[in-house]
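Trainee: Predicted model and sequence below, questions to follow.
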Amino acid sequence: MVGYLFNTKIGAIFYNVFHHKFIGISLMIVGYFGKMDLITLAGIILFGHAAMDRIFNYGLKFNDSFHHTHLGWIGGKTKPQK
């Protein structure tokens, strides 16, 4: 979310990287096989957080608006009027 302080493009990139489920799964695997409990825990938390976002219909972001996601517009089915 801090990336959105700069602009929507940087915000979307950071949001999408840290909310991609593959990153969480990768951390879990690396932590598990590397016997690094904190990395495993971070992967579990990151995966769970990303999954919960999808449950509440918060998808990966497009770079034009925080509310524009790959699942549609947050809070409605159409683009909000300005």
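Mentor: Done, it's in. The shown structure was predicted, so the numbers you read here are calculated from the model rather than taken from an experiment. Numbers count the residues shown, from 1 in each chain.
Trainee: which ones are touching residue 37?
Mentor: Counting by Cβ atoms under 8 Å, 6 or more residues apart in numbering, residue 37 touches residue 31. Quick note: C-beta positions are derived from backbone N, CA and C, even for glycine.
Trainee: Check the one 3 residues further on too.
Mentor: Taking Cβ under 8 Å, 6+ apart as the definition of contact, the neighbours of residue 40 are 27-28, 31-32.
Trainee: Then residue 32?
Mentor: Going by Cβ under 8 Å, 6+ apart, residue 32 touches residue 40.
Trainee: what about residue 65, which SS state?
Mentor: Secondary structure state of residue 65, per DSSP: H, G, I helix; E, B strand; the rest coil, is coil.
Trainee: do the same with the one 10 residues further on
Mentor: On the three-state scheme (three-state DSSP), residue 75 is labelled coil.
Trainee: shouldn't it be in contact with residue 69?
Mentor: No - contact status for residue 75 versus residue 69: not in contact, 10.6 Å apart, counting by Cβ atoms under 8 Å.
Trainee: Which residue is the nearest non-sequential neighbour of the spatially most central residue of the chain?
Mentor: What sits nearest the mean C-alpha location of the chain, by Cα atoms, centre = their mean, is residue 19, with 2.0 Å. In space, residue 19 comes closest to residue 50 once its chain neighbours are excluded; the distance is 4.8 Å by Cβ to Cβ, 6 or more residues apart in numbering.
Trainee: Now that neighbour: which helix or strand?
Mentor: helix 37-55 (DSSP states H and E).
Trainee: Return the distance of that helix from the chain's centre.
Mentor: Averaging C-alpha positions (Cα atoms, centre = their mean, to the nearest Å) puts helix 37-55 10 Å from its chain's average.
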